[in-house]
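**Student:** Starting from these lines, generate the structure:
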Amino acid sequence: MSEGTLRKIRCVAVDDEPIGLSVIAAHAAKVPYLDLQGTFTSATEALAYLQRHPLDLVFLDIEMPDLSGLEVARLIGTQARIIFTTAYPHYAVEGFELAATDYLLKPIGLSRFLQACGRVSEQLEAAGRYLFVKDGYDWVRVDLAALRYLKADDNYLTFYETHQTTLTRMTLTEALQRLPAERFVRVHKSYVVSLDFVEKIERHQLTVAGVKVPWSATYREELLRRIG
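**Tutor:** Got it, this is the predicted structure:
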């Protein structure tokens, strides 16, 4: 895919040192597919922005006074991808355990910055085909073409594919942020279904690949709009 057709990556940078933010901003200005929407010296202000504006990526320093970057990454969860930017290499293992896309050591050169951004672009391109979710200590690939429906139980979520099921710690809201909106729709407080597998719609339930799934009136209008 050429640069001209790459989707824009909506991002922000968080660093308590203004010079760190200026480096990220200067590098980002050289990447046509990056849309740097803001820079923040306060982690709490960045989190508040993320609640109001969907983002694809956060450039995140680690050692900050209000919240550490590791704490911020845990709060962000799956809402956006993370690239850590830090002067301290000893955080790398913990950073990757949090599923960070990359870990940039300061001073950050343009070449290394471009490499990290390229990884994010590749991940976002692949997001329409598959995603990885954590099952215990392992990361499991979920093929979206085979994903029939998802079922929530408190803060746990089961992905039902045609060939396997995967249990992960995630909410339906978090999952919907990672799923293609044109293919997946919420039909109940505990269920999201793939429109590709809906076989029958009855008054209070759907048949999804031979499985009966409850259908709530709360989500009825959206489903009918999507299939109409």
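
**Student:** who touches the most far-flung residue of the chain relative to its centre in this structure?
**Tutor:** Of all residues in the chain, Arg203 sits farthest from the chain's C-alpha centroid, using C-alpha atoms, centre = their mean; the distance is 33.3 Å. Residues near Arg203 by C-beta atoms under 8 Å, 6 or more residues apart in numbering: Trp215. Glycine gets a C-beta too; all of them are placed from N, C-alpha and C.

**Student:** Could you do Gly77 as well?
**Tutor:** Counted by C-beta under 8 Å, 6+ apart, Gly77 has contacts 170, 174.

**Student:** How about Pro214?
**Tutor:** Contacts of Pro214 (C-beta under 8 Å, 6+ apart): 187-188, 190-191, 204-206.

**Student:** rewinding a little: give me the three-state assignment for the residue farthest from the centre of the chain.
**Tutor:** Three-state assignment for Arg203 (DSSP: H, G, I helix; E, B strand; the rest coil): coil.

**Student:** Thr85 now?
**Tutor:** Per three-state DSSP, Thr85 ends up strand.

**Student:** If I look at it, what pLDDT would I see?
**Tutor:** Here, the pLDDT recorded for Thr85 equals 96.

**Student:** Any idea what it is bridged to?
**Tutor:** Beta-bridge pairing for Thr85 (DSSP bridges): Leu104.

**Student:** Name all residues that make contact with it.
**Tutor:** Counting by C-beta under 8 Å, 6+ apart, Thr85 has contacts 13, 15, 20, 24, 59-61, 104, 106, 108.
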